[in-house]
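> quick one: sequence plus predicted model below, questions after.
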Amino acid sequence: MDMEKDVYDLISHVGAEEIPEVLDHVLFCYKELFPQWSVSVLSVDKREDVIAQIDETIALLEKLKENPHLLKQGVIKG
């Protein structure tokens, strides 16, 4: 589909400083189209202590498991 190629081409040519804005907008659009879903993005800085970052992610998931209401919009971000 030409539209898909155009979107991929546009994103491929976005600068590093614009990628967070593109990602935020994609997540916003996804939330608008599929409000029943909570979508999260996990990023790990491979230059830092990866195990510590994974431990922090696990702790966050355990917190969400204990308090699923925290998934509501705006309560947890980051």
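Yes, it's here.
> from here on, contacts and neighbour counts on C-alpha atoms
Fine.
> max-length helix in this structure?
Secondary structure of the chain per DSSP state H: the longest helix is helix 50-66.
> check which helix or strand K46 maps to.
Take DSSP states H and E as the rule and K46 turns out to sit in neither a helix nor a strand.
> neighbours around it, how many?
K46 has 9 neighbours, counted by other C-alpha atoms under 10 Å.
> hmm, who's touching the longest helix of the chain?
With contacts defined as C-alpha atoms under 8 Å, 6 or more residues apart in numbering, helix 50-66 is touched by V44, L70, L71.
> in the chain, which spans are helices?
Counting by DSSP H, the chain has helices at residues 2-12, 19-33, 50-66.
> show me which positions of the second one end up buried.
To tie it back to what came earlier, the one meant is helix 19-33. With burial defined by 16 or more other C-alpha atoms under 10 Å, the residues of helix 19-33 counted as buried are L27.
> who are the packing partners of that helix?
Packed against helix 19-33, as judged by 3 or more C-alpha pairs under 8 Å, 6 or more residues apart in numbering; DSSP states H and E, are no other helices or strands.
> tell me the mean pLDDT for it?
The average pLDDT within helix 19-33 is 94.
> and the most centrally placed residue in the chain, how far is that from L27?
In the chain, the residue lying closest to the centroid (C-alpha atoms, centre = their mean) is V41, at 2.5 Å. Here V41 is placed at a distance of 9 Å from L27 (C-alpha to C-alpha, to the nearest Å).
> what's the one helix or strand in the chain whose mean pLDDT sits lowest in contact with?
In the chain, no helix or strand scores lower on mean pLDDT, DSSP states H and E than helix 2-12, which sits at a mean of 82. In this structure, residues lying in contact with helix 2-12 by C-alpha under 8 Å, 6+ apart are V22.
> can you check stretch 13-23 too?
I11.
> put the alpha carbons of it into CSV.
Written as CSV, here are the backbone C-alpha positions of stretch 13-23 (Å, rounded to 0.1, in the frame of the first residue of the first chain):
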residue,chain,number,x,y,z
HIS,A,13,13.6,10.5,7.8
VAL,A,14,12.6,12.1,11.1
GLY,A,15,15.5,13.4,13.2
ALA,A,16,16.4,11.9,16.5
GLU,A,17,15.1,15.0,18.3
GLU,A,18,11.6,14.5,16.7
ILE,A,19,11.3,10.7,17.4
PRO,A,20,9.9,11.2,20.9
GLU,A,21,7.2,13.6,19.6
VAL,A,22,6.3,11.1,16.8
LEU,A,23,6.1,8.2,19.3
